[in-house]
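A.B. asks: What follows is a predicted structure for the sequence shown.
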2 protein chains.
Amino acid sequence: MKEEQERARRPGGRSARVRAAVHEAVTDLVAERDYGNFTIADVAARAGVADTSIYRRWGSLEALTTEVATSWLTTTSPIPDTGSLEGDLRAYAAKVAHDISGPSGLAVLRLVVALTTGEQDGTRARDDFLAERTRQLQVLLDRARDRGEQPPDTLDMLDHILAPMYIRVLFGAGPLTPEYVDSLVDRLLPRS
Amino acid sequence: MKEEQERARRPGGRSARVRAAVHEAVTDLVAERDYGNFTIADVAARAGVADTSIYRRWGSLEALTTEVATSWLTTTSPIPDTGSLEGDLRAYAAKVAHDISGPSGLAVLRLVVALTTGEQDGTRARDDFLAERTRQLQVLLDRARDRGEQPPDTLDMLDHILAPMYIRVLFGAGPLTPEYVDSLVDRLLPRS
């Protein structure tokens, strides 16, 4: 009862701190051990919160990891708005290349792969991840179309910009140099 | 001593049977549990051979899984020879799409991802996998060049034919339809 009153007085305060600590714990554990090799109890211990708090708020480890993966995507690769399709694509591709080349990026990609053959909650997590990525891209492409440009569609971006970078990172096949990332964008730009 | 004489008399006989049984056991275990969740003892039990036979012949689980992954690739996606670049690319892409859409294909792809952040043996395994895939593709592309055609290079094929299909399978993002696979090939063919 006292805790409820506390929360009402400082909305989001303790709740936001718990969320941040739990997200950080999941990201670290995924990077260190890979998904499948830790439990809600491990997350709770690392984040310094009670197991029951995590179960009450997220329900399952799959639901929690979904939230962490989509949140990571939303906050780390914001959609640029440079005024042109070419500028937006180059900025977005460079940002994604930078983000997935770090340890958290690789961990999130490996997480999505791990969730793919999991239980129903896992499949939903992967769908959420892809839906979020697609939604981000659609905003960028819609703006280009509104300006009278001829953008590719979101599946072309997934197949020819994100997929090559994802596979190179997942397979450890060489660094994502600026020249390489630009060459992927060049293929999708309308020929002038 | 008796076993040695036996082996000398029927070269490859027992040895080839053991190899086939061990490969099948690894492929099954990867598909069922994922790499990292089984041991050489599990492989030995499944294949009906002694642990010591596996250690003596392969040395480590990483070395064994390398051989299984590259062997799977070599035998399941042979390089076609249709007489034209377009025919070869369409046949090869269709075969890869078919192979990776099955349970063993997904298991091998997940295996390569799993090996990427592993120990040194794991990194070597992934490099062997990529080197084998690249060698296969180079044969196909060299033949096209010898005929006077203008083929893409092997990295273009990895980035724009294999990577999109690999990511769709790894992320569970929709079936690889013949139309989709052909559209990937279309992008890499010289414009006529």
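C.D. replies: Alright, I've got the coordinates. Numbers count the residues shown, from 1 in each chain, chains lettered A, B, ... in the order given.
A.B. asks: Over to the spatially closest residue to A:V139 that is not a sequence neighbour: give its phi and psi.
C.D. replies: What sits nearest to A:V139 in space, not counting adjacent residues and going by C-beta to C-beta, 6 or more residues apart in numbering or on different chains, is A:I79, at 5.3 Å. Backbone N, C-alpha and C define where each C-beta goes, glycine included. With angles defined as degrees, to the nearest 10, A:I79 sits at phi -80, psi 120.
A.B. asks: who touches stretch A:185-192?
C.D. replies: Contact partners of stretch A:185-192, identified using C-beta atoms under 8 Å, 6 or more residues apart in numbering or on different chains, comprise A:85-86, A:89-90, A:93, A:149-150, A:152, A:156-157, A:160-161, B:160, B:187.
A.B. asks: do stretch A:79-95 as well
C.D. replies: When contacts are defined by C-beta under 8 Å, 6+ apart, stretch A:79-95 is touched by residues A:76-78, A:136-137, A:139-141, A:143-144, A:147, A:149, A:151, A:161, A:165, A:178, A:181-182, A:184-185, A:188-189.
A.B. asks: How far does that stretch sit from its chain's centre?
C.D. replies: Relative to its parent chain, stretch A:79-95 has a centroid offset of 18 Å by C-alpha atoms, centre = their mean, to the nearest Å.
A.B. asks: do stretch A:67-87 as well
C.D. replies: 9 Å.
A.B. asks: What is the longest helix of chain A by residue count?
C.D. replies: Looking across chain A with DSSP state H, the single longest helix is helix A:120-146.
A.B. asks: I'd like the next helix or strand past that helix.
C.D. replies: helix A:154-157 (DSSP states H and E).
A.B. asks: filter the contacts of stretch A:79-95 to the buried ones?
C.D. replies: A:76-77, A:136-137, A:140-141, A:143-144, A:151, A:161, A:165, A:181, A:184-185, A:188 (16 or more other C-beta atoms under 10 Å in any protein chain shown).
A.B. asks: nearest to chain B, of those?
C.D. replies: Among the buried ones among the contacts of stretch A:79-95, A:L184 lies closest to chain B (C-beta to the nearest C-beta), at 7.2 Å.
A.B. asks: Run a quick neighbour tally on the residue nearest to A:V139.
C.D. replies: Close neighbours of A:I79, defined as other C-beta atoms under 10 Å in any protein chain shown, add up to 17.
A.B. asks: per-residue pLDDT, the most centrally placed residue in chain A?
C.D. replies: Nearest to the mean C-alpha position of chain A, counting by C-alpha atoms, centre = their mean, stands A:L73 at 2.5 Å. According to the prediction, A:L73 has pLDDT 72.
A.B. asks: Could you do the one 3 residues further on as well?
C.D. replies: The model reports A:T76 with a pLDDT of 75.
A.B. asks: list the contacts for it?
C.D. replies: A:K95, A:D99, A:S104, A:G105.
A.B. asks: From chain B, how far out is the first one?
C.D. replies: Okay, so that is A:K95. 19 Å (C-beta to the nearest C-beta, to the nearest Å).
A.B. asks: Please apply the same query to A:L64.
C.D. replies: Per C-beta to the nearest C-beta, A:L64 is found 20 Å from chain B.
A.B. asks: Tell me which helix or strand that residue sits in.
C.D. replies: helix A:61-76.
A.B. asks: which is the next helix or strand following that helix?
C.D. replies: Toward the C-terminal end, the helix or strand that comes next after helix A:61-76 (DSSP H and E) is helix A:85-101.
A.B. asks: what comes up buried for that following helix?
C.D. replies: Buried, per 16+ other C-beta under 10 Å, within helix A:85-101: A:85-86, A:88-97, A:99-100.
A.B. asks: Need the nearest residue in space to A:T39, chain neighbours excluded.
C.D. replies: Nearest non-adjacent residue to A:T39 (C-beta to C-beta, 6+ apart): A:L61, at 6.9 Å.
A.B. asks: ok, now which ones touch that neighbour?
C.D. replies: A:T39, A:I40, A:V43.
A.B. asks: Phi, psi for A:P78 please.
C.D. replies: The phi/psi pair for A:P78 (degrees, to the nearest 10) is phi -70, psi 150.
A.B. asks: near chain B, which residues of chain A?
C.D. replies: The interface of chain A toward chain B, taken as C-beta under 8 Å from any C-beta of the partner chain, is made up of A:34, A:36-37, A:106, A:110, A:112-114, A:116-117, A:123, A:126, A:129-130, A:158-160, A:162-164, A:166-168, A:170-173, A:184, A:187.
A.B. asks: returning to that earlier point: I'd like to know how far the residue nearest to A:V139 sits from chain B.
C.D. replies: Counting by C-beta to the nearest C-beta, the separation of A:I79 from chain B is 21 Å.
A.B. asks: And the pLDDT for that residue?
C.D. replies: 87.
A.B. asks: how close does it get to B:A20?
C.D. replies: A:I79 sits 52 Å away from B:A20, going by C-beta to C-beta, to the nearest Å.
A.B. asks: Show me chain A divided up by domain.
C.D. replies: Residue ranges for the domains of chain A, per automatic domain parsing: A:2-59, A:66-188.
A.B. asks: Tell me, how many residues neighbour A:V112?
C.D. replies: Using other C-beta under 10 Å, the number of residues around A:V112 comes to 26.
A.B. asks: typo on my end, it should be A:Y166
C.D. replies: 24.
A.B. asks: Reduced to three states, what does it come out as?
C.D. replies: What DSSP: H, G, I helix; E, B strand; the rest coil gives for A:Y166 is helix.
A.B. asks: List the contacts of it.
C.D. replies: Going by C-beta under 8 Å, 6+ apart, A:Y166 touches A:I100, A:L109, B:A163, B:I167.
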